[in-house]
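1. let's see this in three dimensions:
(2 chains)
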Amino acid sequence: KNEVEQSPQNLTAQEGEFITINCSYSVGISALHWLQQHPGGGIVSLFMLSSGKKKHGRLIATINIQEKHSSLHITASHPRDSAVYICAVRSGVGKIEGSNYKLTFGKGTLLTVNP
Amino acid sequence: GAGVSQSPRYKVAKRGQDVALRCDPISGHVSLFWYQQALGQGPEFLTYFQNEAQLDKSGLPSDRFFAERPEGSVSTLKIQRTQQEDSAVYLCASSHSTGNSYEQYFGPGTRLTVT
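-> The predicted model follows:
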């Protein structure tokens, strides 16, 4: 079983719809990242969070540490939101500075928003 | 300021050739990471540098893979005697430090195709 599982793998939505992408992980973590990757492009960091909820524009990320689960929500989706969304966890709770660096990634969720 | 840059963006190599992939991190960033992303998969950790020191190379898939960062800035990932299974996108990321509060900034990647 992968340490980081995302669902769904593929998601198609109509413009304006509310989108939810889920991420579950099985290890203790110190932080969780949501990343966006456009076809042929690099990866852009959307959020880094270790508790609670963060919001940036139409994007909202939540995390429940006890349940080892995080969600990424997109409100009023737009075709330009079409991309792969990747969840990554930084594991190593309590490790000393310098060792808590490794990211473990999910396989990503391919989101297509149609006009 | 400039982000992380990688060159070349695309590389086609014949099986058995050696390749060298370059990463220019954000100026002043202490930490540098290399990841390998196979088609349809999330990135996987290859190696980690703190300044010029390679602190973790546990993700390098074989001794054909070698990475260096001799002056603590630019890094090169070298793959000797390339094989078809080496075909992937190679991503470089840099970070100001390694603590929880520092994000990783990704480059656009180098897409390697081994024929």
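2. and the residue of chain B found nearest chain A, what helix or strand is that in?
-> Closest to chain A within chain B is B:Gly42: 3.4 Å, counting by Cβ to the nearest Cβ. Heads up, the C-betas are built off the backbone N, CA and C, glycines and all. B:Gly42 belongs to no helix or strand when assigned by DSSP states H and E.
3. what of B:Ala20?
-> strand B:19-24.
4. how about the residues of chain A near chain B?
-> A:4, A:30-31, A:33, A:35, A:41-45, A:48, A:50, A:86, A:88, A:90, A:97-108 (Cβ under 8 Å from any Cβ of the partner chain).
5. could you tell me which of those residues count as buried?
-> Using 16 or more other Cβ atoms under 10 Å in any protein chain shown as the burial test, the residues of chain A next to chain B include A:4, A:31, A:33, A:35, A:42-43, A:45, A:48, A:86, A:88, A:90, A:100-108 as buried.
6. from the residues you listed, which land in strands?
-> A:4, A:31, A:33, A:35, A:43, A:45, A:48, A:86, A:88, A:90, A:103-105 (DSSP state E).
7. export these to a markdown table and tack on pLDDT and distance to A:Thr62?
-> Output for these, formatted as a markdown table (pLDDT from 0 to 100; distance: Cβ to Cβ, whole Å):
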| residue | pLDDT | distance to A:Thr62 |
| --- | --- | --- |
| A:Val4 | 94 | 16 |
| A:Ala31 | 89 | 14 |
| A:His33 | 94 | 14 |
| A:Leu35 | 96 | 16 |
| A:Ile43 | 91 | 21 |
| A:Ser45 | 91 | 17 |
| A:Met48 | 91 | 13 |
| A:Ile86 | 97 | 17 |
| A:Ala88 | 94 | 16 |
| A:Arg90 | 87 | 17 |
| A:Leu103 | 87 | 19 |
| A:Thr104 | 90 | 20 |
| A:Phe105 | 94 | 19 |
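8. just to revisit the earlier point, neighbouring contacts of the strand holding B:Ala20?
-> Contacts with strand B:19-24, where a contact means Cβ atoms under 8 Å, 6 or more residues apart in numbering or on different chains, come from B:4-8, B:11, B:13, B:32, B:34, B:73-79, B:82, B:90, B:92, B:94, B:107, B:110, B:112.
9. re the thing from before, can I assume the residue of chain B closest to chain A is in contact with A:Leu103?
-> No - using Cβ atoms under 8 Å, B:Gly42 is not in contact with A:Leu103; the gap is 9.5 Å.
10. so what's in contact with the two at the same time?
-> A:Ala88.
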